[in-house]
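> Next one to model:
(2 chains)
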Amino acid sequence: MLAKRIIPCLDIKNGRTVKGVNFVNLIDAGDPVELAKQYAIEGADELVFLDISATLEGRATTLEMVLRVAEQVNIPFTVGGGISSVEDVDALLKHGADKISINSSAVKHPDLINELSNKFGSQCIVVAIDAKQIDNDWFVHLAGGTIPTEIRLFDWAKEVEQRGAGEILFTSMNHDGTKNGFANEALSKLSNTVNIPIIASGGAGTKQHFVDVFTEGKTDAALAASVFHFGEIPIKELKEELRNNNIEVRL
Amino acid sequence: MKIAIIDYGAGNIKSIQFAFKRLGYEALLTNNADIIKQADKVIFPGVGEAGHAIKMLKASGLDQLIPTLKQPVLGICLGMQLMCQHTEESNTKGLGIFNVDVKKFTHAVKVPQMGWNTISNLKSSLFKDILEGEYMYLVHSYYAEQCEEAIATTHYEVDYASALQKDNFYGVQFHPEKSSSAGEQLLKNFIKM
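Here you go, the predicted structure:
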């Protein structure tokens, strides 16, 4: 049976990991390659790198980093953050990224999804959606959730699927950073709305939250950052807990 | 050991080259017929769309060359599918090496299948030291039907052939280069053939 995926997310600036990462046995905790290798050994199913570099130089450094990750890591990885053109994607894939994720640029230019999936195949195009629940309705937000739009989440999800997205990475702005659990109700509805895989993001705090996101949220994969980086939830322990709850995982 | 990775402009093939490098082997990306013929092992990768891929192969004459190769050949993902008789993707005729057709998953399941699934009924030395029920990484919307040439079976909507063999030709639907240590074991086994 297809296993549910556990995906650590690393924020990258100028080719280095940012935010605190607290791994005991790392030579250089700021080196994304070191971290990625460690996560692969611990049993992560995939990795996501989110580039938050603000400068062209910084982004060029990230490209170098992508190449080093591809050379040294034996599980798939996605790169997202600031991607806005066919050329950006071409460069990332040529440097060895398995998938890329687009967010604001897809909302601003929805045709970009079609162009990318036609040129590179749906399998490597992830559309990330940040949304916030306002008066019982979910609205898409841009720029890391800071700019609201009038686009409704479920309409947008359907549209990105039709335009050729291979996967949706959904972050609930209401849950992100709270450590109070994922947006399971919205996730479950999303999973019933589209027929492509859904990655849940935002709200992971405990192992039970992951059990809930797979059972109640009906999601295909769950992404988290701090609970993994600070060793609060070791991936192997998490997967054992999931298996004890009859959730299929790769152990 | 000369390993040739057939480069016909299909997707991210650097990952396969890197995987061999991690195992200590230099693999060459090439579309040169002489280099491919003389290699000890040939990898036939493929990511993307079948109709486009077969056009690229025909443009370089590789569609004629591949079925005549005598050394071990390993098709990966779309590479494996193109080695079959026919694929529903863009109604494309394949190279006809494996006697099986490629179908699309229906909407009863999420398409593409993306992630780690198990392989079982392992029937070849390609799977030496790989356990029944091992997980491999897959990303695909089309699958080879269960058949006599199947050397591994995976379940997603149906039981399908996730690996095939005929004579010196091998094909795997999963990505060994992205399948952690189990995938590396498979590449090691292939090198030893």
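> From here on, just use CA atoms for contacts and neighbour counts.
OK.
> show me what contacts B:Val139?
A:Gln123, B:Pro112, B:Gln113, B:Met114, B:Gly115, B:Phe174 (Cα atoms under 8 Å, 6 or more residues apart in numbering or on different chains).
> and these as TSV, adding pLDDT?
As requested, the contacts of B:Val139 are exported to TSV (pLDDT from 0 to 100):
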residue	pLDDT
A:Gln123	90
B:Pro112	93
B:Gln113	96
B:Met114	97
B:Gly115	98
B:Phe174	98
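> so which of those residues comes closest to A:Lys179?
B:Gly115 (25.6 Å; Cα to Cα).
> so can I have CSV of the contacts of B:Val139 showing neighbour count, secondary structure and distance to A:His95?
As requested, those are exported to CSV (neighbours: other Cα atoms under 10 Å in any protein chain shown; DSSP: H, G, I helix; E, B strand; the rest coil; distance: Cα to Cα, whole Å):
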residue, neighbour count, secondary structure, distance to A:His95
A:Gln123, 23, helix, 17
B:Pro112, 21, coil, 23
B:Gln113, 22, strand, 24
B:Met114, 23, strand, 21
B:Gly115, 24, strand, 21
B:Phe174, 25, coil, 21
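> Among those residues, which one lies nearest to A:Glu46?
B:Gly115 (8.6 Å).
> The closest one touches B:His140, doesn't it?
No - with contact defined as Cα atoms under 8 Å, B:Gly115 does not reach B:His140; the gap is 9.5 Å.
> for chain B, what's the longest strand?
Taking DSSP state E as the criterion, chain B has its longest strand at strand B:158-166.
> Pull out the buried residues from it.
B:Tyr160, B:Ala161, B:Ser162, B:Ala163, B:Leu164, B:Gln165 (16 or more other Cα atoms under 10 Å in any protein chain shown).
> Neighbouring strands of that strand in the sheet, and parallel or not?
strand B:142-145 (antiparallel), strand B:150-156 (antiparallel), strand B:169-172 (antiparallel) (DSSP bridges).
> Break down chain A into its strands, ranges please.
So, for chain A - with DSSP E - the strands run A:5-13, A:16-17, A:47-51, A:77-80, A:99-102, A:125-134, A:137-142, A:147-152, A:167-172, A:198-201, A:221-224.
> To clarify, my last question referred to chain B.
Using DSSP E, strands in chain B cover B:3-6, B:27-30, B:41-44, B:73-76, B:86-87, B:92-93, B:101-104, B:113-119, B:134-140, B:142-145, B:150-156, B:158-166, B:169-172.
> model confidence over the longest one, on average?
In other words, strand B:158-166. Average pLDDT, strand B:158-166: 98.
> same thing with the fourth one?
Averaged over strand B:73-76, pLDDT sits at 97.
> can you check the first one too?
Per-residue pLDDT values across strand B:3-6 average out to 96.
> go on, the last one?
Taken as a whole, strand B:169-172 has a mean pLDDT of 98.
> what's the spacing between A:Gly181 and A:Gln162?
When distance is defined by Cα to Cα, to the nearest Å, A:Gly181 is 29 Å away from A:Gln162.
> and what of B:Glu132?
Distance from B:Glu132 to A:Gln162, by Cα to Cα: 37 Å.
> which intervals of chain B have sub-threshold pLDDT?
B:10-12, B:47 (pLDDT under 70).
> Report back the residue of it that's furthest from centre.
B:Ala108 (25.2 Å; Cα atoms, centre = their mean).
> same deal with chain A?
A:Asp135 (26.3 Å).
> still on that earlier bit, quick one: residues contacting the residue farthest from the centre of chain B.
B:Ala108 neighbours (Cα under 8 Å, 6+ apart): B:Glu157.
> how does it look with 10 Å?
B:Ala108 sits next to A:Asn195, B:Glu157 when contact means Cα atoms under 10 Å, 6 or more residues apart in numbering or on different chains.
> picking up where we left off before, can you pull the residues that touch both of B:Gly115 and B:His140?
B:Phe174.
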